[in-house]
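With the sequence up front, the predicted model follows.
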Amino acid sequence: MKIENIPWENKPDNCNDIVWRYSKNPIIERYAIPTSNSIFNSAVVPFNDGFAGVFRCDNKAVQMNIFAGFSKNGIDWDINHKPIQMLSGNTEMIESDYKYDPRVTFIEDRYWITWCNGYNGPTIGIGYTFDFKEFYQCENAFLPFNRNGVLFPEKINGKYAMLSRPSDTGHTAFGDIYISYSPDMKYWGEHRCVMKVTDFEKSAWQCTKIGAGAVPILTNEGWLIIYHGVINTCNGFRYAMGSAILDENSPDKVLYRTKSYLLGPATTYEMVGDVPNVVFPCAALHDKDKDQIAIYYGAADTVTAIAFAKLSELINFTIKDSL
């Protein structure tokens with residue numbers, strides 16, 4: 001995809017990493033709207049002459065909900081002060097106990113949103129919008145319990161496809177990435193395991209649980225995915241960012257997967273917050289012609305930050321550093 005005004009900052013001279021942080025992070029502070037306690041784990045897409053997004057904004061009662069927002073440059077955001085109110089899409093069941101960790105992608109003629117939806121426990125909610133003003137909720141994709149639902153940006157072998165992480169009721173050491181298919185965005189099946197957690201000895205940063213992050217990017221090598229991995233340390237869970245490449249036509253097959261993490265908690269805003277030591281990617285803008293990718297991530301479950309990479313370097317690193 002060509003994005004004329006993709007957010008970008010050149011790599012610092014003293015940086016040897018594949019992915020580097022924006023020097024003015026965090027781009028969205030925790031109190032950016034009047035009711036918010038934290039704004040993080042959110043998703044953005046190109047829209048009109050700028051960008052639109054769906055943001056996780058926990059309020060000061062720490063109730064989780066999703067809000068629409070707009071930006072001209074992808075860095076400075078104007079987020080609505082009221083949460084998204086859903087209309088009925090392919091279902092009349094639009095009530096939920098909570099909504100969090102959204103992802104957004106354009107498929108065919110509309111923008112599809114997935115999020116962790118509270119329905120007798122966490123599951124994957126699905127909705128769509130044409131203009132980021134009116135939103136329509138569809139049937140939940142899966143039974144509880146599930147998290148990290150991420151749609152592919154186009155059909156695969158004639159079917160919609162989604163990555164997710166079956167889980168349980170709590171914030172526990174549980175989770176591998178699966179893929180599921182649907183003919184109509186309502187009924188989902190053909191569930192296949194894509195990636196499991198690693199052995200501690202091989203790649204410890206992703207040995208406890210993993211989850212899909214940004215919407216997959218189709219490259220010449222296959223589907224590039226940016227995901228999060230977790231290790232359970234003596235100081236609690238630590239979330240970091242990695243990448244993998246899946247087969248283009250059979251994305252349940254992992255071709256390459258990074259042994260090393262791309263970005264881990266290292267700055268104050270990533271290490272200190274409501275949940276310390278979290279780097280959680282949820283969106284990525286890319287321009288193949290410019291060889292640029294901008295990755296949006298939640299930091300310490302508190303603020304929103306952005307990081308950059310050369311797309312070609314990220315692909316090459318994923319191949320060379322593969323497990």
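Nice, thanks for sending it over.

and the longest helix for the protein?
Selection of the longest helix in the chain by residue count, based on DSSP state H, yields helix 311-320.

what's that one packed up against?
On a contact count with 3 or more CB pairs under 8 Å, 6 or more residues apart in numbering; DSSP states H and E, helix 311-320 meets strand 217-219, strand 222-233, strand 236-246, strand 254-257, strand 292-299. C-betas here are computed from N, CA, C, even on glycine.

got CSV for these, with mean neighbour count, mean pLDDT and distance to Lys72 too?
CSV is the format used below for those (neighbours: other CB atoms under 10 Å; pLDDT from 0 to 100; distance: least, CB to CB, whole Å):
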stretch, mean neighbour count, mean pLDDT, distance to Lys72
strand 217-219, 19, 98, 23
strand 222-233, 23, 98, 25
strand 236-246, 23, 97, 26
strand 254-257, 19, 98, 36
strand 292-299, 26, 98, 15
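
Dump those strands into CSV; add distance to Thr318 as well.
Converted to CSV, these look like this (distance: least, CB to CB, whole Å):
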stretch, distance to Thr318
strand 217-219, 10
strand 222-233, 7
strand 236-246, 5
strand 254-257, 5
strand 292-299, 12
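
what's the closest of the ones you listed to Gly53?
When those are compared by CB to CB, strand 292-299 sits nearest Gly53, at 8.2 Å.

ok so, going back, so which of the helices and strands packed on helix 311-320 is nearest Asn10?
It is, among those and with distance given as CB to CB, strand 292-299, at 10.1 Å.

Give me the distance from the closest one to the chain's centre.
9 Å (CA atoms, centre = their mean, to the nearest Å).

Now do the same contact list for Ile210.
165, 175-177, 195-197, 227-230 (CB atoms under 8 Å, 6 or more residues apart in numbering).

Surely Arg257 and Phe317 touch.
No - counting by CB atoms under 8 Å, Arg257 sits too far from Phe317 to count as a contact (11.5 Å).

Now the common contact residues for these two.
Contacts common to Arg257 and Phe317, judged by CB under 8 Å, 6+ apart, are Ser243.

Walking through the stretch 51-200 of the chain, point out its strands one by one.
For the stretch 51-200 of the chain, the strands defined by DSSP state E, counting those that start in this stretch occupy 66-71, 78-79, 86-88, 99-107, 110-118, 122-129, 135-137, 146-151, 160-166, 177-182, 189-195.

Could you identify which of the ones you listed is most buried?
strand 146-151 (a mean of 26; mean count of other CB atoms under 10 Å).

gap between the residue nearest to Ile124 when sequence neighbours are not counted and His191?
Distances taken as CB to CB, 6 or more residues apart in numbering place Gly149 nearest to Ile124, at 3.5 Å, with adjacent residues excluded. Distance, Gly149 to His191, by CB to CB, to the nearest Å: 13 Å.
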